[in-house]
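Asker: have a look; sequence and predicted model below, questions after that.
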Amino acid sequence: MKAIWNGTVIAESDDTVVVEGNHYFPAESVDRSLLRPSDTHTVCPWKGTASYWSLEVDGRSNPDAAWYYPEPKEAAAQIRDHVAFWKGVTVEP
């Protein structure tokens, strides 16, 4: 699977975990040079507290377009060290 935004591959892996229709990419498959820190956090009752990154590609920014669970609850342990995308990021085979 590939995560693509603004014509650039953000992440690529044959080993994503699908949860609630979202592909979670292993952290090592993500191009971290395209990620910028965000202060945004949200809470999911069964996954835990999510943290976010913004994407920056070719001078364009996509705020809070990537999220991850640094300390997922036990029910979501399979997404530890994984990153998911939204807000216009295309995920395709």
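Answerer: Cool, the structure landed. None of these values were measured; they are calculated from a predicted model. Numbers count the residues shown, from 1 in each chain.
Asker: report pLDDT for the residue nearest in space to the middle of the chain.
Answerer: When C-alpha atoms, centre = their mean is applied to the chain, the residue found nearest the centroid is Ala84 (2.6 Å). What the model reports as pLDDT for Ala84 is 98.
Asker: ok, it touching Tyr68?
Answerer: Yes. Counting by C-beta atoms under 8 Å, Ala84 does reach Tyr68; the two are 7.2 Å apart. Every C-beta, even on glycine, is put in place using the N, C-alpha and C of the backbone.
Asker: shared neighbours, the two?
Answerer: Tyr24 (C-beta atoms under 8 Å, 6 or more residues apart in numbering).
Asker: per-residue pLDDT, Arg80?
Answerer: 97.
Asker: for it, what are its contacts?
Answerer: Contacts of Arg80 by C-beta under 8 Å, 6+ apart are 69, 71-72.
Asker: quick check: phi and psi at the residue in the chain sticking out farthest from the centre.
Answerer: No residue in the chain sits farther from the centre than Gly59, which is 19.7 Å out by C-alpha atoms, centre = their mean. Dihedral angles phi and psi of Gly59 (degrees, to the nearest 10) take the values phi 80, psi 0.
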